[in-house]
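A.B. asks: no letters, just coordinates:
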């Protein structure tokens, strides 16, 4: 990657679309727990138990492959927010609470240090994920350095939230087969996305109307949506996105809830991003 492109990635905050994993991925040596059975959201309000969620996460961590979406059954989706906590976190939580929706928050260790009061509040409305300690591009680090970033960020998220942290998202969506296997061995399910809100686009800057339109256009059952809680335009876009989900009979849940209720198939996992169906018409920045 040339110097100019590296600079652009840094400015974007969360980089480019998910980086393709090398064809050969080494699975962890430990036995992989049984795959969760499909559990369509047939009963309004009924979500998987904590035990079912943990079993699903353990299964996908054991597989050692990144996940891009759920199984496309029922009416569940997963809104996810990277890079927090931040100054807009309380507003994001207010909007989610008003809409009765849940989400997953992929937190950065250095952001936690600046806003230590918010992870426990985020835990009340969803799941907490690991987004590394400093938001480094893990592909530019040694494997030991990359795993240190992941583990330090996970420890910070656990300490601040008091919650389990079993899901992980690599900054910029940048990962390798070795990273995939290592985080899986640590019991982390690696979560990417099939819908990029494009809210971290730099040139031209993302407008809240575009963010809202992109999410509403691309989201469908089983989608995992990439957004950022440290961007005011994203929070403004939520005010249109959340009512739209309700009108369409879609419900935002946490990633562990989605994976337990509507698990992706082995064929979906093996196909990577293509397992989620046709890609969006446009590709923005993310991760």
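C.D. replies: Great, that's in hand. Quantities reported herein were computed from a predicted structural model and do not represent experimental measurements.
A.B. asks: what segments of the chain are strands?
C.D. replies: 76-84, 103-107, 126-130, 167-168, 189-190, 195-196, 224-228, 251-252 (DSSP state E).
A.B. asks: need these in TSV with mean neighbour count, can you?
C.D. replies: All C-beta spots, glycine's among them, are computed from the backbone N, C-alpha and C. Putting the strands of the chain into TSV (neighbours: other Cβ atoms under 10 Å) gives the following:
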stretch	mean neighbour count
strand 76-84	27
strand 103-107	28
strand 126-130	27
strand 167-168	26
strand 189-190	25
strand 195-196	27
strand 224-228	27
strand 251-252	24
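A.B. asks: tabulate those (a markdown table), appending distance to residue 151 and mean pLDDT.
C.D. replies: Formatted as a markdown table, the strands of the chain follow (distance: least, Cβ to Cβ, whole Å; pLDDT from 0 to 100):
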| stretch | distance to residue 151 | mean pLDDT |
| --- | --- | --- |
| strand 76-84 | 18 | 98 |
| strand 103-107 | 14 | 98 |
| strand 126-130 | 9 | 98 |
| strand 167-168 | 10 | 98 |
| strand 189-190 | 14 | 98 |
| strand 195-196 | 27 | 97 |
| strand 224-228 | 23 | 98 |
| strand 251-252 | 29 | 98 |
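A.B. asks: between these, which one is nearest to residue 146?
C.D. replies: Evaluated over these, closeness to residue 146 peaks at strand 167-168, with 11.3 Å, by Cβ to Cβ.
A.B. asks: for the closest one, name the packing helices and strands.
C.D. replies: Contacts defined by 3 or more Cβ pairs under 8 Å, 6 or more residues apart in numbering; DSSP states H and E place strand 167-168 against strand 103-107, strand 126-130, strand 189-190.
A.B. asks: among the strands of the chain, which is nearest residue 36?
C.D. replies: Closest approach to residue 36 among the strands of the chain (Cβ to Cβ): strand 189-190, 11.7 Å.
A.B. asks: ok so, going back, in a markdown table, list the strands of the chain along with distance to residue 92.
C.D. replies: Compiled in a markdown table, the strands of the chain are given as follows (distance: least, Cβ to Cβ, whole Å):
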| stretch | distance to residue 92 |
| --- | --- |
| strand 76-84 | 7 |
| strand 103-107 | 8 |
| strand 126-130 | 10 |
| strand 167-168 | 18 |
| strand 189-190 | 23 |
| strand 195-196 | 17 |
| strand 224-228 | 9 |
| strand 251-252 | 12 |
